[in-house]
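Student: predicted structure and sequence below. I'll ask about it afterward.
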Amino acid sequence: MSRRPVPDALEAPASAYDMGHAEEVEHLATFAVLVDNEPGVLHRVVGLFAARGYNIDSLTVAETDPGAHTSRITIVTRGTPQVLGQIEAQLKKMVSTRHVQNVTRDPNGVERELALVKVRAEGADRMEAKMLADIFRASVVDTTTGGFIFEITGAPSKIDKFVGLMRPLGLIEVSRTGVLSIERGVEGA
């Protein structure tokens with residue numbers, strides 16, 4: 001009598017449903033949206049994200065041209081390429097939108113952020129905090145005998161690294177502006 005091989009209990013059976021449905025990787029994306037500066041525009045943009053269940057990682061907005069009555073909204077979000085495409089398309093459809101740029105996909109896109117980082121530092125930690133700040137080109141905006149407040153600008157990843165290095169030295173608090181973006185060159189949005 002021949003025995004059939006016993007299937008491995010950890011091996012999942014192949015299913016036609018599972019074939020070709022590999023999970024897509026989510027990516028960060030930064031959108032620069034030039035909009036009419038009028039009441040309710042920011043609410044409608046945020047509502048677009050909330051209604052579809054999309055998260056906003058960072059949001060900055062300010063009037064950029066009082067004469068033209070325009071504001072620039074910079075939104076950092078994450079999603080699969082399909083979701084990010086849907087977000088861009090929905091932003092372009094909004095009545096108050098004048099221009100949408102996916103800064104992440106644009107090789108001429110520049111992204112920067114500003115952060116204030118408060119650190120409790122005494123003794124050797126104080127010297128190390130100041131040395132690290134110099135390496136990261138962070139400036140001291142306030143100092144006491146017990147610590148510093150540093151101002152740092154740069155790509156979000158640079159700020160993340162700086163904050164990570166300050167954590168074991170006595171990080172107290174971090175305040176970040178959110179990402180700002182602009183395109184290199186002489187053209188404008």
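Tutor: Nice, I can see it.

Student: all contacts plus neighbour counts: C-alpha atoms, from now on.
Tutor: Fine.

Student: how far does stretch 97-115 stretch from start to finish?
Tutor: 29 Å (CA to CA, to the nearest Å).

Student: buried residues, that stretch. List them.
Tutor: 97-98, 100-104, 109-115 (16 or more other CA atoms under 10 Å).

Student: and those, which is the shakiest by pLDDT?
Tutor: Within the buried residues of stretch 97-115, residue 109 has the lowest pLDDT, namely 83.

Student: got a list of what that residue touches?
Tutor: 103, 181-184 (CA atoms under 8 Å, 6 or more residues apart in numbering).

Student: drop anything exposed from these.
Tutor: 103, 181-183.

Student: what would those residues look like in TSV with secondary structure and distance to residue 175?
Tutor: TSV is the format used below for those (DSSP: H, G, I helix; E, B strand; the rest coil; distance: CA to CA, whole Å):
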residue	secondary structure	distance to residue 175
103	coil	23
181	strand	18
182	strand	22
183	strand	25
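
Student: got those residues as CSV, with distance to residue 91 columns?
Tutor: Shown next, in CSV, are the buried ones among the contacts of residue 109 (distance: CA to CA, whole Å):
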residue, distance to residue 91
103, 14
181, 17
182, 18
183, 19
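
Student: about what we covered before: which one of the contacts of residue 109 is nearest to residue 168?
Tutor: residue 181 (30.8 Å; CA to CA).
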